[in-house]
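J.: coords below, sequence missing:
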């Protein structure tokens, strides 16, 4: 695609989808909507984006999918469904995070910005944690 990243559809219009949306928007990825298997959500808006069924062509051509389902078993089944449908998988990485107790961490060493050319690795910002 001549160096451009594909637009992203988030599979899972729920709480985990909100977190993934935040990570994608902060990273500059173009989000075009949500896919969900719940018929009551299809045709509605979620966080300002349209919701459609996976594979419905509602989002146009070249898109990648981020599976944003919190339950591990259901996420594995949904990821297999995405792959069987022929979509590419995208990755969402939240560059920084903070726990409920106030401890924070970031990806990569604190002296370097997160870069696509450097593999991400966790780095604890607060060594007392």
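T.: Good, I have the coordinates. Remember, it's a predicted structure, so these values are computed and weren't measured experimentally. Numbering: from 1, shown residues only.
J.: is it true that residue 42 touches residue 50?
T.: No. Residue 42 lies out of contact with residue 50 (Cβ atoms under 8 Å); the separation is 9.3 Å. From N, CA and C alone the C-beta is placed, and that goes for glycine too.
J.: Sketch out the strands for this protein, chain order is fine.
T.: For the chain, applying DSSP state E gives strands covering 7-11, 31-35, 45-46, 49-52, 63-67, 88-89, 96-98, 104-107, 122-124.
J.: And the fourth one, what does it pack against?
T.: Read it as strand 49-52. strand 31-35 (3 or more Cβ pairs under 8 Å, 6 or more residues apart in numbering; DSSP states H and E).
J.: Averaged pLDDT, the strand it packs on. What do you get?
T.: For strand 31-35, mean pLDDT rounds to 94.
J.: same deal with stretch 87-103?
T.: Stretch 87-103 comes out at a mean pLDDT of 75.
J.: so where's the protein shaky on pLDDT?
T.: 1-3, 62, 96-100, 102-129 (pLDDT under 70).
J.: And the helices in it?
T.: 15-27, 72-84 (DSSP state H).
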